[in-house]
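J.: Fold the following for me, if possible:
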Amino acid sequence: MVSGSLTIKKGYYYVVLTWVDGKEERHRKWIATGLPQKGNKRKAMEELTRLKNTFEPPKAVQDLSSDMLFTDYLRQWLDIVKVRVKIATYSSYQDMTENVIIPYFEKKGLRLREVEARHIQQFYSEKLKTVSANSVIHYHAIIYQALKYALKTDMVTQNVAMKVDRPRKNSFQPNFLTAEEMQQMFEIIKGTKMQLPVMVAAFYGLRRGEVLGLKWDAIDFHRGTLTIKRTVTQVKIDGKYQIIEQDSAKTKSSMRTLPLVGSFKEYFEEAKKAQEFNKKVCGDSYNYDYDGYVFVNEIGERMKPDYLTTAFPEYLKRHGMKKIRFHDLRHSCASLLLANGVPLKQIQEWLGHSDFSTTANIYAHLDYASKISSAQAMENGLQLPSTNRFKSEWASVTNVEEE
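T.: Numbering: from 1, shown residues only. Here you go, the predicted model:
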């Protein structure tokens, strides 16, 4: 039960709430009302009553054990894993655990030691009715890792997630623009603030976070190179969106140096001149918090990730083009490289995939050039019968069937 009282500090009312937790430990919380002492006693009393009725004491952290509820264990496991994984990974873990996994198992009331493979299998079967197999595979990864830690710390005797049949991964068919559509897109976005980020994403196949993470120190105008070494991403932590800057790419392979070819040197030089001009014009009004980033607006504010996510496809649609995601520019880049005979291994290095299988799984079906090469190899290695003989033999077979 929560009790409360009013107190005055530096001429303002404060509400002081008191409660006792499950371990018989007393806690106190001060809450500023913002109400001056003079003439506000009634309002302060009303605020005290409201806060007493609505305040929920934080749950005491329970010691990890096999007897705790599986859902309570998952919440504490999230806190444990938070310091070991990248913040974007944690954001994904937290979102799926809090919004999907915990609500399902909360209804079951299972303790950690009571969770069996059949319970997890039933969860997957239930979710497959409403979400894709790929989503369920993500749920499986979280449950598997959580139970792996429970096994490692002797809270359970086995990781029952190992006994579960996870669904097969959905085959992914990338959406992309043809060379002609890319040229059309470049004409449509000409003169807009998304022009350069879109062209960079389309030509170099960069991820959104890699585009927005570009700084001037990554562009070597003398050597003519562009180095991908930072990311700017948006994540959701504890229900709030945050923009995260990381001085590292997604993986070790994502850190790559690419040639500054064609007109890109001039594009970037013009963008840099425009930034310097804006600094002089805006003076003290210029935002130097993001100084050094390539993609900032006229007053120095960095381009936000959700702007490219939402504005880009809608802009294409308004101008009569098919609606694609910003990330589909990366797929468009890969498809054009394949169409021009670039081997998959080189495309892997260009895109910064950590594993060749990732590149092959996504784009192998588009690799028509390699299929032509294979067909020519088979033709050179095998002596096929002449067409005249084939025609005569086919005619003989046809006559026999007619007789």
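
J.: any idea where the strands of the stretch 151-300 of the chain begin and end?
T.: 219-220, 225-228, 231-237, 240-246, 256-259 (DSSP state E, counting those that start in this stretch).

J.: Residue 70 is nearest to which of those?
T.: Nearest to residue 70, of all the strands of the stretch 151-300 of the chain, is strand 231-237, at 22.9 Å by C-beta to C-beta. Where you see a C-beta, it was placed from the backbone N, CA and C, and this is true even at glycine.

J.: For the residue nearest to the spatial centre of the chain, list the residues it contacts.
T.: Central residue of the chain (C-alpha atoms, centre = their mean): residue 88, 6.9 Å from the mean position. Counting by C-beta atoms under 8 Å, 6 or more residues apart in numbering, residue 88 touches 233, 235, 244.

J.: Could you do residue 227 as well?
T.: Contacts of residue 227 by C-beta under 8 Å, 6+ apart are 218, 219, 220, 255, 256, 257, 258.

J.: same thing but 10 Å
T.: Going by C-beta atoms under 10 Å, 6 or more residues apart in numbering, residue 227 touches 214, 215, 217, 218, 219, 220, 249, 255, 256, 257, 258, 260.

J.: The third one and residue 244: what is the separation?
T.: Remark: distance between residue 217 and residue 244 (C-beta to C-beta, to the nearest Å) = 19 Å.

J.: Could you point out which residue ranges in the stretch 251-400 of the chain have low pLDDT?
T.: 251-253, 356-400 (pLDDT under 70).

J.: Can you give me the distance of the closest residue to residue 202 other than its chain neighbours to residue 225?
T.: Excluding the flanking residues, the one nearest residue 202 by C-beta to C-beta, 6 or more residues apart in numbering is residue 329, at 4.4 Å. Between residue 329 and residue 225 the computed distance is 21 Å (C-beta to C-beta).

J.: just to revisit the earlier point, what about residue 217 and residue 244, which has more around it?
T.: residue 244 (16 against 10; other C-beta atoms under 10 Å).

J.: Quick check: that one touching residue 89?
T.: No: between residue 244 and residue 89 there is no contact under C-beta atoms under 10 Å: 11.2 Å.

J.: shared neighbours of the two, anything?
T.: Contacts common to residue 244 and residue 89, judged by C-beta under 10 Å, 6+ apart, are residue 235.

J.: How many neighbouring residues does the closest residue in space to residue 132 that isn't next to it in sequence have?
T.: Counting by C-beta to C-beta, 6+ apart, residue 132 lies nearest to residue 170, which is 5.5 Å off, once chain neighbours are set aside. Applying other C-beta under 10 Å, we find 11 residues neighbouring residue 170.

J.: For residue 89, see how far away residue 170 is.
T.: Taking C-beta to C-beta, one finds residue 170 at 21 Å from residue 89.

J.: Quick check: pLDDT value at the residue nearest to the centre of the chain.
T.: Here the pLDDT value assigned to residue 88 is 87.
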